[in-house]
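Participant: Need coordinates for the following:
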Amino acid sequence: PEVIITNPLKAKNIIRYYGNKPGVLNKTSPSIGANDFILSHSKTLIANAHHVLFFAYVDPAFHDKNTFKAENRTLDLVYEGKGHLYTKMVDIDGAVLITRHWPPSKQQLATLLRHTRFLYTYDSWTNLNLEAILCGAIPIFLHNGPFTDEEIDDSELGTLPRIKFNQYNVSDDFFNEFESERIKLLNRLVKIQGNWHQGVTEFTRKVKKHFQIL
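Facilitator: Next comes the predicted model:
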């Protein structure tokens, strides 16, 4: 992963995997060797990767069955995540703080999200944002971190329905627009998940060719 910037195991063949932009998580970019294979989680993370393999699996616990639409909910959550790398979190009046460690299970988190209206998030590049949308909650981005709105919406998922950090006013029809965009995202997600095995096969072929493995 990109947080390991050297070659501590003295490996002959190295695949460097980017799950975030270079230098974001540890402020230092890896020293890429001439023969290193560059694998990226998303096309928005690093230019000229040898292969992009977008992992789109989501735990089945995250769904919107037997719940209300966001506009009829009253619970709000706030999440910092990697946001501490970019800015200082402030309290959101009335919002419940969730962390990487609480709730302690995916099932409990999903139950909480199915009752959530707004998820105030300081982390623009976390699977939690997608999980919230799948449960019918609306993410409110309080900071984009190292990403632009265009980069976020140009990922494999496409446009991410949310309230942007610089979007001070929303339309009267916002909740209906959000639901429409949410359904489109769900449909795109199904297609992306269906392409996973093909992507892994292509990745394997490229790695064998890159390192001349017979």
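Participant: use CA for all of it now, contacts and neighbours both
Facilitator: Fine.
Participant: Residues contacting stretch 193-202, please?
Facilitator: Applying CA atoms under 8 Å, 6 or more residues apart in numbering, the external contacts of stretch 193-202 come out as L53, F54, F55, A56, Y57.
Participant: Let me have these in TSV, adding neighbour count as columns.
Facilitator: Compiled in TSV, the contacts of stretch 193-202 are given as follows (neighbours: other CA atoms under 10 Å):
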residue	neighbour count
L53	19
F54	21
F55	14
A56	19
Y57	12
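Participant: among those residues, which two are most distant?
Facilitator: Greatest spatial distance in the contacts of stretch 193-202: L53 and Y57, 11.9 Å, computed using CA to CA.
Participant: with the contacts of stretch 193-202 in mind, which one is nearest to V170?
Facilitator: Nearest to V170 out of the contacts of stretch 193-202 is A56 (CA to CA; 29.0 Å).
Participant: just to revisit the earlier point, any idea which of the contacts of stretch 193-202 is closest to I183?
Facilitator: Nearest member of these to I183, counting by CA to CA, is A56, at 16.1 Å.
Participant: Shouldn't that closest one be within a strand?
Facilitator: No: counting by DSSP: H, G, I helix; E, B strand; the rest coil, A56 is not found in a strand; it is coil.
Participant: Just give the number of residues close to the nearest residue to it once chain neighbours are set aside.
Facilitator: In this structure, A56 finds its nearest non-sequential neighbour in Q193, 5.8 Å apart by CA to CA, 6 or more residues apart in numbering. Look at Q193: counted by other CA atoms under 10 Å, it has 15 neighbours.
Participant: Alpha carbons of the helix or strand hosting Q193, as PDB, please.
Facilitator: In this structure, Q193 is located in helix 174-194 according to DSSP states H and E. Taking only C-alpha atoms (Å, rounded to 0.1, in the frame of the first residue of the first chain), the coordinates of helix 174-194 have been written out as PDB:
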ATOM      1  CA  PHE A 174     -33.800  18.400  -2.900                       C
ATOM      2  CA  PHE A 175     -35.100  15.200  -1.200                       C
ATOM      3  CA  ASN A 176     -36.700  14.000  -4.400                       C
ATOM      4  CA  GLU A 177     -33.600  14.900  -6.400                       C
ATOM      5  CA  PHE A 178     -31.400  13.000  -3.900                       C
ATOM      6  CA  GLU A 179     -33.600   9.900  -4.100                       C
ATOM      7  CA  SER A 180     -33.400  10.000  -7.900                       C
ATOM      8  CA  GLU A 181     -29.600  10.300  -7.900                       C
ATOM      9  CA  ARG A 182     -29.400   7.600  -5.200                       C
ATOM     10  CA  ILE A 183     -31.300   5.100  -7.300                       C
ATOM     11  CA  LYS A 184     -29.000   5.800 -10.300                       C
ATOM     12  CA  LEU A 185     -26.000   5.200  -8.100                       C
ATOM     13  CA  LEU A 186     -27.400   1.900  -6.900                       C
ATOM     14  CA  ASN A 187     -27.800   0.800 -10.500                       C
ATOM     15  CA  ARG A 188     -24.300   1.800 -11.400                       C
ATOM     16  CA  LEU A 189     -23.000   0.000  -8.400                       C
ATOM     17  CA  VAL A 190     -24.600  -3.300  -9.500                       C
ATOM     18  CA  LYS A 191     -22.800  -3.000 -12.900                       C
ATOM     19  CA  ILE A 192     -19.500  -2.200 -11.300                       C
ATOM     20  CA  GLN A 193     -19.700  -5.200  -8.900                       C
ATOM     21  CA  GLY A 194     -20.600  -7.400 -11.900                       C
END
